[in-house]
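K.L.:
3D, please:
(one chain, ligands or ions: 2)
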Amino acid sequence: IVAREWHKENSVIDIKGIKLGGNTIQVIGGPCSVETQQQMDESAKFVKAAGCRLMRGGAFKPRTSPYSFQGKGVEGLEMFRKAADAQGLPIVTELMDVRMLDTFLEWDVDVIQIGTRNMQNFDLLKEVGHTNKPVILKRGMSATVSEWLMAAEYIAAGGNHNIIFCERGVRSFETYYRNMLDVTAIPVLKKETHLPVIVDPSHAGGKAWMVPALSRAAIAAGADGLLVEMHPKPCEAWCDADQALNPDELKSLMIELKGIAQVL
Ligand code: PEP
Ligand code: MN
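P.N.:
Ligands and ions are numbered 1, 2, ... in the order given. Next up, the predicted model:
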């Protein structure tokens with residue numbers, strides 16, 4: 001279903017009237033994690049002011065250590081919904097556990113994010129495949145393109161064809177940066193599937209200063225959008241502080257991208 005062989009034209013995903021895919025670039029901005037109502041309200045204002053039309057934020061966080069902040073949970077969904085609704089921004093948030101799916105539907109999460117660690121959580125994929133919610137499927141950190149395409153097929157097989165691929169860097173031998181952005185995967189995916197492909201430059205580089213260069217590379221290579229982390233005060237972020245853009249940096253990035261592509 002996801003193969004271009006079966007559907008020649010590029011598919012465009014509709015997210016509350018906002019189009020992802022086609023001839024424009026969508027930038028999804030927001031913090032790594034939902035922290036407080038104030039942090040979300042401020043983030044939403046800055047995301048909107050920068051020109052982004054969709055907002056990200058994790059209420060359930062897949063942390064390496066069980067002792068690290070795990071996310072605000074359902075309370076976080078509530079804070080996110082409130083902050084984003086005030087700015088008219090659809091929300092993108094990660095679903096880690098199939099038992100939370102009904103809650104996500106109750107809070108009307110606009111885009112369900114499947115994280116890198118769950119790309120091959122087949123039961124989770126099957127369940128989101130039975131909803132009609134757009135899904136961002138992040139690439140497993142060591143997944144091949146074929147495995148990634150097959151993971152998407154699990155979602156599509158259930159009837160949900162609203163899938164967006166997200167390249168977020170893969171594991172490599174290099175330690176200077178967090179993950180190695182696989183730019184090559186972008187034209188490969190665009191050839192193999194009709195579905196949109198976006199890039200997360202934040203988790204790839206792991207440092208805010210790398211985000212503009214990786215964003216430009218992604219768009220030049222044919223990506224349909226970006227998933228970018230920002231924070232009203234990056235040094236105070238509870239998670240992924242090093243890679244968060246501050247509001248001015250997000251604004252500059254959007255201005256720069258508008259100069260090279262049709263950014264909506
Ligand atoms: C995220 O986007 O918040 C995240 C945890 O990313 P990844 O699954 O790519 O590590
Ligand atoms: Mn993060």
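
K.L.:
List the contacts of the residue in the stretch 101-250 of the chain positioned nearest to ligand 1.
P.N.:
Of all residues in the stretch 101-250 of the chain, the one sitting closest to ligand 1 is G115 (3.1 Å; Cβ to the nearest ligand atom). (C-beta placed from N, C-alpha, C; glycine too.) By Cβ atoms under 8 Å, 6 or more residues apart in numbering, the contact list for G115 reads 62, 94, 96, 138.

K.L.:
ok, which pair from the residues you listed is furthest apart?
P.N.:
Across those, no pair lies farther apart than M96 and K138, at 11.9 Å, counting by Cβ to Cβ.

K.L.:
These two: which is more packed in?
P.N.:
Between M96 and K138, K138 has the larger neighbour count (other Cβ atoms under 10 Å), namely 26 against 20.

K.L.:
who's in contact with the more buried one?
P.N.:
K138 touches 113-116, 119, 166, 168, 200, counting by Cβ under 8 Å, 6+ apart.

K.L.:
List just the nearest of those to C239.
P.N.:
The closest of these to C239 turns out to be G115 (Cβ to Cβ; 12.9 Å).

K.L.:
any idea how far the closest one lies from ligand 2?
P.N.:
Distance of G115 to ligand 2, given as Cβ to the ion, to the nearest Å: 9 Å.

K.L.:
so what pLDDT did that residue get?
P.N.:
We have a pLDDT of 98 for G115.

K.L.:
So K258 is in contact with G51, correct?
P.N.:
Yes: counting by Cβ atoms under 8 Å, G51 is a contact partner of K258 at 7.5 Å.

K.L.:
quick one: which of the two has more around it?
P.N.:
Neighbour tally, K258 and G51, criterion other Cβ under 10 Å: the higher count belongs to G51, 17 against 14.

K.L.:
hang on, that one packs against V263?
P.N.:
Yes: counting by Cβ under 8 Å, G51 does reach V263; the two are 7.1 Å apart.

K.L.:
what ranges do the helices span in the stretch 151-264 of the chain?
P.N.:
Using DSSP state H, counting those that start in this stretch, the helices of the stretch 151-264 of the chain run over residues 185-192, 201-205, 211-220, 247-260.

K.L.:
Export the ones you listed to CSV and append columns for mean pLDDT and distance to ligand 2.
P.N.:
What follows is the helices of the stretch 151-264 of the chain, written out as CSV (pLDDT from 0 to 100; distance: least, Cβ to the ion, whole Å):
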stretch, mean pLDDT, distance to ligand 2
helix 185-192, 98, 20
helix 201-205, 98, 6
helix 211-220, 98, 12
helix 247-260, 96, 15
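
K.L.:
nearest to K45, of those?
P.N.:
Closest to K45 of these is helix 247-260 (Cβ to Cβ; 8.7 Å).

K.L.:
Just the angle for that closest one relative to helix 211-220, thanks.
P.N.:
Put simply, helix 247-260 runs at 30 degrees to helix 211-220, going by axes from the mean of the first three to the mean of the last three Cα atoms, to 10 degrees.

K.L.:
ok, back up a step: quickly compare the helices of the stretch 151-264 of the chain and say which is most buried.
P.N.:
For the helices of the stretch 151-264 of the chain, the stretch with the most neighbours on average is helix 201-205, a mean of 26; neighbours defined as mean count of other Cβ atoms under 10 Å.

K.L.:
what sits up against that one?
P.N.:
Taking contacts as Cβ under 8 Å, 6+ apart, the residues outside helix 201-205 that touch it are 32, 116, 167-169, 177-181, 208, 210-211, 214-215, 218, 226-229, 240, 243-245.

K.L.:
does it come close to ligand 1?
P.N.:
Yes: shown here: helix 201-205 in contact with ligand 1 (Cβ under 6 Å from any ligand atom) through H203.

K.L.:
Just give me how far that helix sits from the chain centre.
P.N.:
On the basis of Cα atoms, centre = their mean, to the nearest Å, helix 201-205 is displaced by 11 Å from the centre of the chain it belongs to.

K.L.:
Surely L189 touches V145?
P.N.:
Yes: with contact defined as Cβ under 8 Å, L189 counts as touching V145 (6.8 Å).

K.L.:
tell me, what's touching G51 and V263 both at once?
P.N.:
Common neighbours of G51 and V263 (Cβ under 8 Å, 6+ apart) are 27, 254.
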